[in-house]
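Peer 1: Below: sequence and its predicted model.
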Amino acid sequence: MFMESAPVERLLESLRRLPGVGRKTAERYALQLLTLPLEISDEFSQAVLAARKAIDWCPTCKNLTDIMPCAVCRDEKRDRTTICVVERPTAVLALEKGGGYKGLYHVLHGVLNPLEGIGPEALQIDALVDRVRNQGIKEIIIATNTTAEGEVTALYLARRMAEFDITTTRIAHGVPMGGGLEYADEVTLARALEGRLPL
């Protein structure tokens, strides 16, 4: 059967790399992609390649961007003494949509997870420490998700920031336990930022 052919199996494995995509979902996506007219499939693949080639990490905050440094890091109107630390670029999008935060960001690109072999060296923590050491930062707002891994990461960051003369805060838990920032509404995010507490 065609679903067991090498090219389709390769497509399925590629789709399964996306978050939340298991075998059944990958098969459904693959069937949809395989039934598109060839010119639309080609257009789709070219759009993915073009976007991937145009987007890279900001050298400062590690967020995704098409300009170096990113628009947030370039914006002189932002509070350049405050950094909000998040797990993923999707959290930056959610916070920016809320409009309540006017400081800078730092994207870790994950959380600590010893069971999966993800230690501090796998995240953008050293880059954050360099920013705090060299950029006159006065406050770090830790906005990792309220999962077990997010909490462990927050505690680790608080300990690392203790060596500096800065304030380290954690966003208030208006964000649901076990939920991600990207799924919270703007009001909840704004209140969570306003109600942050020292660690």
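Peer 2: Cool, the structure landed.
Peer 1: Report the buried residues of the strand ranked longest in the chain.
Peer 2: Longest strand in the chain, counting residues (DSSP state E): strand 79-86. Residues 82-86 are the ones in strand 79-86 that count as buried (16 or more other Cβ atoms under 10 Å). Quick note: C-beta positions are derived from backbone N, CA and C, even for glycine.
Peer 1: Parallel or antiparallel, list what pairs with it.
Peer 2: Partners of strand 79-86 in the sheet, by DSSP bridges, are strand 103-107 (parallel), strand 139-142 (parallel).
Peer 1: List the contacts of the first one.
Peer 2: Contact partners of strand 103-107, identified using Cβ atoms under 8 Å, 6 or more residues apart in numbering, comprise 57, 61-63, 72-73, 78-89, 91-92, 95, 124, 127-128, 131, 139, 141.
Peer 1: re the thing from before, output the strands paired with strand 79-86 as CSV; include the columns mean neighbour count, mean pLDDT and distance to residue 197.
Peer 2: Output for those, formatted as CSV (neighbours: other Cβ atoms under 10 Å; pLDDT from 0 to 100; distance: least, Cβ to Cβ, whole Å):
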stretch, mean neighbour count, mean pLDDT, distance to residue 197
strand 103-107, 23, 98, 17
strand 139-142, 22, 98, 10
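Peer 1: Quick one: those as TSV, columns for distance to residue 4 too.
Peer 2: Shown next, in TSV, are the strands paired with strand 79-86 (distance: least, Cβ to Cβ, whole Å):
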stretch	distance to residue 4
strand 103-107	39
strand 139-142	47
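Peer 1: low-confidence ranges in the protein?
Peer 2: By pLDDT under 70, the low-scoring segments of the chain are 1, 173-177, 187, 191.
Peer 1: In it, which residue is most central in space?
Peer 2: With distances taken as Cα atoms, centre = their mean, the residue of the chain nearest its centroid is residue 88 (0.7 Å).
Peer 1: so who does that one touch?
Peer 2: Contact analysis of residue 88 by Cβ under 8 Å, 6+ apart lists 107-110, 182.
Peer 1: Among the residues you listed, name the ones in strands.
Peer 2: Per DSSP E, strands hold the following members of those: residue 107.
Peer 1: would JSON lines of the contacts of residue 88 with distance to residue 20 be doable?
Peer 2: Below are the contacts of residue 88 laid out as JSON lines (distance: Cβ to Cβ, whole Å):
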{"residue": "107", "distance to residue 20": "20"}
{"residue": "108", "distance to residue 20": "20"}
{"residue": "109", "distance to residue 20": "18"}
{"residue": "110", "distance to residue 20": "16"}
{"residue": "182", "distance to residue 20": "12"}
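Peer 1: Which of the contacts of residue 88 sits closest to residue 37?
Peer 2: The nearest member of those to residue 37, counting by Cβ to Cβ, is residue 182 at 32.6 Å.
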